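*Asks:* A structural model of the following input is requested.
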Amino acid sequence: MCLNSRWRPEVRAPSPAVAHVHDRMPVIVPPARYAEWLDPGTTDTARLAALLAPCELPGLGARPVSRRVNDARNQGAALVEPVGTSDDAA
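*Replies:* Alright, predicted model coming up:
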């Protein structure tokens, strides 16, 4: 059985920084907790579940960007540059 047939991405309620964009977000494990999350010897599921709580990371937020990000054929750093909320965001 391949991993992809069993894996389901974890999503949780959004952090306050991005709640205005969507009602859920991917789980973010804080970098300081990576070793704990990835330790195959960890069997305490309650401890691991605590790592899935929404976290606030410095710099986490949302801003308007070009709608061009929605097409994988478009590439480049300019796609994630902030834009205004007028038609120039198209």
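
*Asks:* most centrally placed residue in the chain?
*Replies:* Centroid-nearest residue in the chain, with Cα atoms, centre = their mean: residue 26, separated by 4.1 Å.

*Asks:* Is that one bridged to anything, and to what?
*Replies:* Following DSSP bridges, residue 26 is listed with bridge partners residue 11.

*Asks:* Was I right to think it contacts residue 11?
*Replies:* Yes - proximity of residue 26 to residue 11 meets the contact threshold set by Cβ atoms under 8 Å, at 5.9 Å. From N, CA and C alone the C-beta is placed, and that goes for glycine too.

*Asks:* Next one: residue 10 relative to residue 41, how far apart?
*Replies:* 21 Å (Cβ to Cβ, to the nearest Å).

*Asks:* Between the two, which has more neighbouring residues?
*Replies:* residue 10 (11 against 4; other Cβ atoms under 10 Å).

*Asks:* what's around the residue nearest to that one when sequence neighbours are not counted, how many residues?
*Replies:* Nearest residue to residue 10, sequence neighbours excluded (Cβ to Cβ, 6 or more residues apart in numbering): residue 27, at 4.1 Å. Residues within reach of residue 27, counting by other Cβ under 10 Å, total 14.

*Asks:* next one: residue 15
*Replies:* Residues within reach of residue 15, counting by other Cβ under 10 Å, total 16.

*Asks:* Let me see the domain layout of the chain.
*Replies:* 9-59, 60-90 (automatic domain parsing).

*Asks:* State the mean pLDDT of the first one.
*Replies:* In this model, domain 9-59 has an average pLDDT of 84.

*Asks:* From the chain's centroid, how far away is that domain?
*Replies:* Its chain's C-alpha centre and that of domain 9-59 lie 9 Å apart, by Cα atoms, centre = their mean, to the nearest Å.

*Asks:* Equivalent analysis for the shortest one, please.
*Replies:* Taking Cα atoms, centre = their mean, one finds the center of domain 60-90 at 17 Å from the center of the full chain.
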